[in-house]
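A.B. asks: Based on what follows, work out the 3D shape:
(chains A and B)
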Amino acid sequence: GQQVMQIPQYQHVQEGEDFTTYCNSSTTLSNIQWYKQRPGGHPVFLIQLVKSGEVKKQKRLTFQFGEAKKNSSLHITATQTTDVGTYFCAGTTSGTYKYIFGTGTRLKVLA
Amino acid sequence: DAGVTQSPTHLIKTRGQQVTLRCSPKSGHDTVSWYQQALGQGPQFIFQYYEEEERQRGNFPDRFSGHQFPNYSSELNVNALLLGDSALYLCASSALWWERSTDTQYFGPGTRLTVL
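C.D. replies: This next block holds a predicted model:
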């Protein structure tokens, strides 16, 4: 079945350093979403990417969707302590309403 | 404008029992999806309800069933509970038509189910 993997599983960074998480799907996706989940919280929608090669920015966050629509990345510039949490990608394929979540990358930011 | 609400917040059950979890979607949303999130894992899709019908189902046994009411609220029922059903159960609402081409999912706070 369809699998979505994320690397790394964990990342510890010093405040001010950059952070990137990568998402890889075993199948071609129709779109991909990114979520942030704070410890003890629930996933919060960040963004949706639909087009091949699409790049979107939200302040310090940059999201990319691969040309083959099988991978994606989230890059955070100059991390802050408020960026702490687990970042999940979630992809869906054409003709389905099911989103498959990635394994997540847990980010810790050291002040 | 209330977001997605879920009840109860926490629940403790014993093996073999049955449980019902409830979800009210965000105002204006007509689609509800249920997810199971085990500790340290990503959410796993259980099923999605739209127009009071189960529109899609994930890889979960028939012990997991649901319902959607005319006001778009939803219930998740789990029968014959197993220890492995202990998890955070998340409800997410979305609205394809109201939000144009995106199907942004808004998650509720979840119900933490513990099976002893």
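A.B. asks: Can you pull the residues of chain A lying near chain B?
C.D. replies: Counting by CB under 8 Å from any CB of the partner chain, chain A comes close to chain B at A:1, A:33, A:35, A:41-45, A:48, A:50, A:88, A:90, A:96-104. Glycine gets a C-beta too; all of them are placed from N, C-alpha and C.
A.B. asks: switch to 7 Å and redo it
C.D. replies: Residues of chain A lying close to chain B (CB under 7 Å from any CB of the partner chain) are A:42-43, A:45, A:48, A:88, A:96-104.
A.B. asks: in chain B, which ranges drop under the pLDDT threshold?
C.D. replies: The model of chain B has pLDDT under 70 over residues B:1, B:96-102.
A.B. asks: any chance you could map the strands in chain A?
C.D. replies: A:4-7, A:10-14, A:19-25, A:31-37, A:44-49, A:55-58, A:61-65, A:71-76, A:85-92, A:100-101, A:105-110 (DSSP state E).
A.B. asks: how about those in CSV, adding mean neighbour count and mean pLDDT?
C.D. replies: Formatted as CSV, the strands of chain A follow (neighbours: other CB atoms under 10 Å in any protein chain shown; pLDDT from 0 to 100):
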stretch, mean neighbour count, mean pLDDT
strand A:4-7, 18, 95
strand A:10-14, 13, 97
strand A:19-25, 21, 97
strand A:31-37, 23, 96
strand A:44-49, 18, 94
strand A:55-58, 12, 97
strand A:61-65, 19, 98
strand A:71-76, 20, 98
strand A:85-92, 25, 96
strand A:100-101, 23, 96
strand A:105-110, 18, 97
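A.B. asks: and B:Leu116, which of the ones you listed is closest to it?
C.D. replies: strand A:31-37 (25.9 Å; CB to CB).
A.B. asks: and the closest one, what other elements does it pack with?
C.D. replies: Of the remaining helices and strands, those touching strand A:31-37 by 3 or more CB pairs under 7 Å, 6 or more residues apart in numbering or on different chains; DSSP states H and E are strand A:44-49, strand A:85-92.
A.B. asks: Now distance to B:Gln6 too, for those strands, in JSON lines please.
C.D. replies: As requested, those are exported to JSON lines (distance: least, CB to CB, whole Å):
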{"stretch": "strand A:44-49", "distance to B:Gln6": "15"}
{"stretch": "strand A:85-92", "distance to B:Gln6": "19"}
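A.B. asks: okay, the residues of chain A next to chain B in CSV with distance to B:Glu52 next?
C.D. replies: CSV is the format used below for the residues of chain A next to chain B (distance: CB to CB, whole Å):
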residue, distance to B:Glu52
A:His42, 25
A:Pro43, 25
A:Phe45, 25
A:Gln48, 26
A:Phe88, 29
A:Thr96, 20
A:Tyr97, 15
A:Lys98, 19
A:Tyr99, 21
A:Ile100, 25
A:Phe101, 26
A:Gly102, 31
A:Thr103, 33
A:Gly104, 32
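A.B. asks: Which members of those residues define the maximum pairwise distance?
C.D. replies: A:His42 and A:Thr96 (23.0 Å).
A.B. asks: Which one's more surrounded, those two?
C.D. replies: A:His42 (21 against 14; other CB atoms under 10 Å in any protein chain shown).
A.B. asks: mind listing what that one touches?
C.D. replies: B:90, B:107-110 (CB atoms under 7 Å, 6 or more residues apart in numbering or on different chains).
A.B. asks: What strand or helix carries the residue in chain B positioned nearest to chain A?
C.D. replies: When scored by CB to the nearest CB, chain B has B:Gly42 as its residue closest to chain A, at 3.6 Å. For B:Gly42, there is no host helix or strand (DSSP states H and E).
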